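Asks: build me a structure from this.
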Amino acid sequence: MFQRKVYNYLKKWKEGSNGASAVLIEGARRVGKSTTAEEFAKSEYDDYILIDFSIADQAIKENFDNIRDIDTFFRNLFILTGKTLEKRKGVIIFDEVQFCPKARQSIKQLVKDGRFDYIETGSLISIKKNVKDILIPSEEESIKMYPMDFEEFLWATGNNAFMDPIKDAFEKRKPLGNDIHRVILRKFREYMAVGGMPQAVEAYVAGESYEQIDRVKKRILRLYTNDLKKHDSEEGDRAEVVFKSLPDQLMNHNSVFRLSVVSENARTRNCENAIDFLSESMIVNNCINVTKPEVALGLYADRTKFKMFMGDTGLLVSHILDNGGDADKMYKSMIIDDLGINQGMIFENMVAQMLCANGHKLFFHEFEYCPEGNTSSKQYEVDFLTVKGKRLSPIEVKSSGYKSHKSFDYFKEKYQLKMNDRYIIYTKDLDQKEGVMYIPIYMTMLL
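Replies: Numbers count the residues shown, from 1 in each chain. Below is the predicted model of the structure:
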């Protein structure tokens, strides 16, 4: 069991709610939702009942028809699970609750009854067929769970001395020093290659080869692909094809999603549901273009133009390197920055992942500008836009050259906005020049 930040959120929920609400842990498959929920139940309660609705008997599911007769419901539940709980000392986990919408709807009555606490976990929670004909309980709090972030990866690998200096340097706007920076950056490159899926991290911690770690990740990718195939066969969608096009999408100039990369005949109408499904499954993170850089970014979102990033960068690496080569050699080359391919898309994907994990919605901005002395305008782009203290903070990602940042300069000249820090995320130590904050990529999690 790895230390996960979601655990602390669960503790706050338990203490603050005191039985007045249930909590839902939502995330992509294999990010550690079920493991964390069960570990929390073992450590924070006298006892628990775990119901995994992906394998639960039909009798357990049908018992939720008795929810209006709460005593009968619990009598049946205890008989069917072979377990009882003491009032206010136990928790019931509804694992993979999307497979039993009636169980999710029953949360209202169960919380009102007040005998136990309730933790739900699930993927694809908001998909239409999983909420059709049910009333989503207002007594349900929600927590989104993502793959392990860099700090969780450091905890898992026993590198507990890293984070305090990183946070101190960021807060004081002081460089760490080249020697310390190089050590941390190498560890971050290892994290970027392995990724944050707990099974892959477990293999890494156990000392498995990169080839074996890559196999673990490819199994997860196959699991995702099988889920998408099932969805496509049921809904007539193209989610699997869209997902498989993701590396090619990110290799495109400026990474904006193009239907032509999916197939020559792809149309928005045919792919719209598939794209929504991928986003709601949290397999991918979509970054939406905004037509105007204002603090209320969502009001200016143009959802017809977006970038699609893989939810876990380690999975993207396995997706990209899936060419039958020597996995150990390729991973080691990536870690020492000698892979021989443009790693810009890997870095941008990693930044998107870290921003999402830190609670940011992803937006970017394209604009036209004619610099002084030029006769025609050109198109420029700010990679990410975030809001801090009611002011915009633009972000640009640089995997190699960083001295030129025309997009930043022209963005500032065109809009004359009051901004917080402008960030360039790159691979060198922290620096500050001409109103631009240069931060090493591992500090993205502090934005």
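Asks: could I get the average pLDDT for stretch 271-282?
Replies: In this model, stretch 271-282 has an average pLDDT of 90.
Asks: list the buried residues in that stretch.
Replies: Neighbour-count burial for stretch 271-282 flags 271, 273-282 (criterion: 16 or more other C-beta atoms under 10 Å). C-beta: built from backbone N, CA, C; applies to glycine.
Asks: got it, and stretch 287-297?
Replies: 287-290, 293, 297.
Asks: do stretch 432-442 as well
Replies: Using 16+ other C-beta under 10 Å as the burial criterion, the residues of stretch 432-442 that qualify are 436-442.
Asks: now stretch 392-407
Replies: 392-399, 402, 405, 407.
Asks: what does stretch 217-227 give?
Replies: Buried residues in stretch 217-227 (16+ other C-beta under 10 Å): 217-218, 220-221, 224, 227.
Asks: turn those residues into JSON lines, including distance to Ser318 and secondary structure.
Replies: Shown next, in JSON lines, are the buried residues of stretch 217-227 (distance: C-beta to C-beta, whole Å; DSSP: H, G, I helix; E, B strand; the rest coil):
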{"residue": "Lys217", "distance to Ser318": "4", "secondary structure": "helix"}
{"residue": "Lys218", "distance to Ser318": "6", "secondary structure": "helix"}
{"residue": "Ile220", "distance to Ser318": "8", "secondary structure": "helix"}
{"residue": "Leu221", "distance to Ser318": "6", "secondary structure": "helix"}
{"residue": "Tyr224", "distance to Ser318": "11", "secondary structure": "helix"}
{"residue": "Asp227", "distance to Ser318": "17", "secondary structure": "helix"}
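Asks: which one of the residues you listed sits closest to Tyr423?
Replies: Distances from Tyr423 to the buried residues of stretch 217-227, taken as C-beta to C-beta, are shortest for Lys217 (29.3 Å).
Asks: quick check: that closest one touching Met310?
Replies: No: if you go by C-beta atoms under 8 Å, Lys217 and Met310 don't touch, sitting 11.0 Å apart.
Asks: which non-adjacent residue is nearest Lys406?
Replies: Tyr380 (6.7 Å; C-beta to C-beta, 6 or more residues apart in numbering).
Asks: which outside residues touch stretch 357-367?
Replies: 146-147, 149, 254, 285-290, 293, 297-298, 301, 305, 307, 309, 352, 355-356, 379-386, 394, 410-411, 414, 444-447 (C-beta atoms under 8 Å, 6 or more residues apart in numbering).
Asks: restrict it to CA atoms and write it as CSV.
Replies: Output of stretch 357-367 as CSV, limited to C-alpha atoms (Å, rounded to 0.1, in the frame of the first residue of the first chain):
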residue,chain,number,x,y,z
ALA,A,357,-3.7,16.5,-10.3
ASN,A,358,-3.3,19.9,-8.6
GLY,A,359,-6.9,20.8,-9.3
HIS,A,360,-6.5,23.0,-12.4
LYS,A,361,-8.9,22.8,-15.4
LEU,A,362,-6.8,22.8,-18.6
PHE,A,363,-7.0,25.7,-21.0
PHE,A,364,-4.8,27.1,-23.8
HIS,A,365,-5.1,30.2,-26.0
GLU,A,366,-4.4,30.7,-29.7
PHE,A,367,-4.1,34.3,-30.9
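Asks: where do the helices of the stretch 1-150 of the chain begin and end?
Replies: 5-17, 33-44, 58-62, 70-81, 101-105, 107-113, 128-131, 150-156 (DSSP state H, counting those that start in this stretch).
Asks: the stretch 251-400 of the chain now?
Replies: 259-262, 268-280, 313-320, 327-335, 344-357.
Asks: can I assume Ile25 is in contact with Glu39?
Replies: No: the criterion here is C-beta under 8 Å, and Ile25 misses it with Glu39 at 11.9 Å.
Asks: of these two, which one has the most company?
Replies: More neighbours surround Ile25 than the other of Ile25 and Glu39, with 26 against 17 (other C-beta atoms under 10 Å).
Asks: distance of the more buried one relative to Leu185?
Replies: In this view, Ile25 and Leu185 are 32 Å apart by C-beta to C-beta, to the nearest Å.
Asks: buried sites along stretch 164-180?
Replies: 166, 169-170, 175-176.
Asks: which residues sit against it?
Replies: 181, 184, 429-432, 437, 439, 442-443, 446.
Asks: switch to 7 Å and redo it
Replies: 184, 429-432, 442-443, 446 (C-beta atoms under 7 Å, 6 or more residues apart in numbering).
Asks: re earlier: the residue nearest to Lys406 contacts Pro394, doesn't it?
Replies: No: Tyr380 lies out of contact with Pro394 (C-beta atoms under 7 Å); the separation is 11.3 Å.
Asks: taking the centroid of this structure, which residue is nearest it?
Replies: Tyr146 (4.1 Å; C-alpha atoms, centre = their mean).
Asks: pLDDT score for that residue?
Replies: For Tyr146, the pLDDT comes out at 97.
Asks: and Glu158, how many residues sit next to it?
Replies: Careful, residue 158 is Gly; it's not Glu. Counted with other C-beta under 10 Å, Gly158 comes out at 8.
Asks: can you tell me how far it is from Gln3?
Replies: When Gly158 is compared with Gln3 (using C-beta to C-beta), they lie 11 Å apart.
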